[in-house]
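Asker: sequence unknown, structure follows:
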């Protein structure tokens, strides 16, 4: 895999950065130690400006090029997941219940590698804005950074991001124009009946049968209400009730996730869920409340930005290692908020064979970090030539 020679020179340092980050995972918006580590490196590299405390622990660093030109945004996420690591590696998480199981430690490292090279060489015009974002896995740090005005404040005209992809050949790239990842919504249904003794169900109002009926009815929205050619996933992932074998509980809970691409399909699902919950509650004589929360919007790539990014990826990895026809998938990404604010592209970079993301035995492949850093660096140099 051809990479920028200078970035190859400090590849071992990048490995050490990544493994320190992996051993010290942080969650949600509380990525303060990670941000301090990043800011320390950026100052050592000689970037021109660092703005900290965005979305609590996020930061944006500016590197000035040679001469006038637009500002290109490059984003990396910094947060980890609330789970225990089972890799047994020397650099495994030192914090119980926290693990970099999605590779954000690697994403941060790739952007740091690009930052070092770009600050040293300045072989581009305009500016580059390095966006280090917390809370991709939860809350939506990307949304908060956009709401806090980073696009306007730093004059960002285009924005790009990489995400590692287990199962894709190491250092290969995969993306597509248009929608590439889905919108994600969450539903929570609280059912209230009347508790009682399991031997005397006629004296109680059992919330379990309506909970089961709702859980069975919700997937029919996919098969009976939505157009067959539209991508839609409704997954009931929680059904909770009861605490003893001889007690009819007073309440039950049904929860899960919805994945869509089309806004009108999102509206349809929320409406039909409300009708199913209300109708089932009436039929069983219980009270039921639907809490439908809209989360991240679809991640939609700009076609022109994908074309430009693919050309750079082919230069770094070879044309045969770049796929611009990646099927869209039902996972979600809060980079969607940045792409809604500015044109740009979200690309996957191959992590090689091994456990998938969000798996307790997952680990980012350090060999691909110089490839991702080279992509970021050459992207800036290509979009903003001197």
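Answerer: Perfect, I can see it now. Here the structure is a predicted model, which means the values were calculated and not measured. Residues are numbered from 1 along each chain as shown.

Asker: can we go C-alpha only for contacts and neighbour counts from here?
Answerer: Fine.

Asker: ok, now how distant is residue 357 from residue 204?
Answerer: Separation of residue 357 from residue 204 (Cα to Cα, to the nearest Å) stands at 45 Å.

Asker: Over to residue 298?
Answerer: 44 Å.

Asker: Please identify which of these two sits among more neighbours.
Answerer: Remark: of residue 298 and residue 204, residue 298 carries more neighbours, 28 against 17, as counted by other Cα atoms under 10 Å.

Asker: what phi and what psi does the backbone show at that one?
Answerer: Main-chain dihedrals, residue 298, degrees, to the nearest 10: phi -60, psi 150.

Asker: Correct me if wrong: it contacts residue 179.
Answerer: Yes. With contacts counted by Cα atoms under 8 Å, residue 298 reaches residue 179, the gap being 6.5 Å.

Asker: shared neighbours of the two, anything?
Answerer: Any residue near both residue 298 and residue 179 by Cα atoms under 8 Å, 6 or more residues apart in numbering counts here, and that gives residue 261.

Asker: need the helices for the stretch 251-386 of the chain, in chain order.
Answerer: Along the stretch 251-386 of the chain, counting by DSSP state H, counting those that start in this stretch, helices occupy 263-284, 303-317, 335-341, 369-383.

Asker: just for this protein, where's the confidence low?
Answerer: Across the chain, the ranges flagged by pLDDT under 70 are 1.

Asker: Next, the contact list for residue 382, please.
Answerer: Counting by Cα under 8 Å, 6+ apart, residue 382 touches 124, 312.

Asker: what's the residue closest to the geometric middle of the protein?
Answerer: When Cα atoms, centre = their mean is applied to the chain, the residue found nearest the centroid is residue 333 (3.5 Å).

Asker: Can you report how many residues lie near the closest residue to residue 273 other than its chain neighbours?
Answerer: Nearest residue to residue 273, sequence neighbours excluded (Cα to Cα, 6 or more residues apart in numbering): residue 218, at 6.7 Å. When neighbours are counted by other Cα under 10 Å, residue 218 registers 18.

Asker: Among the helices of the stretch 251-386 of the chain, show me which one is buried the most.
Answerer: A comparison of the helices of the stretch 251-386 of the chain by mean neighbour count, using mean count of other Cα atoms under 10 Å, puts helix 369-383 on top with a mean of 26.

Asker: what separates it from the chain centre, distance-wise?
Answerer: On the basis of Cα atoms, centre = their mean, to the nearest Å, helix 369-383 sits 21 Å off its chain's mean C-alpha point.

Asker: And stretch 95-112, by the same measure?
Answerer: With Cα atoms, centre = their mean, you get 12 Å for stretch 95-112.

Asker: Then stretch 93-112?
Answerer: Relative to its chain's centre, stretch 93-112 lies at 13 Å (Cα atoms, centre = their mean).

Asker: Stretch 115-133 too?
Answerer: 23 Å.

Asker: Could you do stretch 275-284 as well?
Answerer: In this view, stretch 275-284 has its centroid 35 Å away from the chain centroid, taken as Cα atoms, centre = their mean.

Asker: what's the closest non-adjacent residue to residue 303?
Answerer: With sequence-adjacent residues excluded and distances taken as Cα to Cα, 6+ apart, residue 303 is closest to residue 177, at 4.6 Å.

Asker: I'd assumed residue 302 was in contact with that neighbour.
Answerer: Yes. At 5.9 Å, residue 177 counts as touching residue 302 under the criterion of Cα under 8 Å.

Asker: shared neighbours of the two, anything?
Answerer: Common contacts of residue 177 and residue 302 (Cα under 8 Å, 6+ apart): residue 345.

Asker: mind giving me the domain split of the protein?
Answerer: As assigned by automatic domain parsing, the chain contains the domains 5-180+299-383, 183-294.

Asker: how long is the shortest one end to end?
Answerer: Taking Cα to Cα, the span from the opening residue of domain 183-294 to its closing residue is 8 Å.

Asker: The residue nearest to the centre of the chain and residue 163, how far apart?
Answerer: Distance check for residue 333 against residue 163: by Cα to Cα, it reads 10 Å.

Asker: do residue 218 as well
Answerer: Using Cα to Cα, one obtains 32 Å as the distance from residue 218 to residue 163.

Asker: contacting residues around stretch 146-164?
Answerer: Residues outside stretch 146-164 that contact it (Cα under 8 Å, 6+ apart): 54-55, 70-76, 103, 107, 129, 335, 337-339, 341-351, 364, 372.
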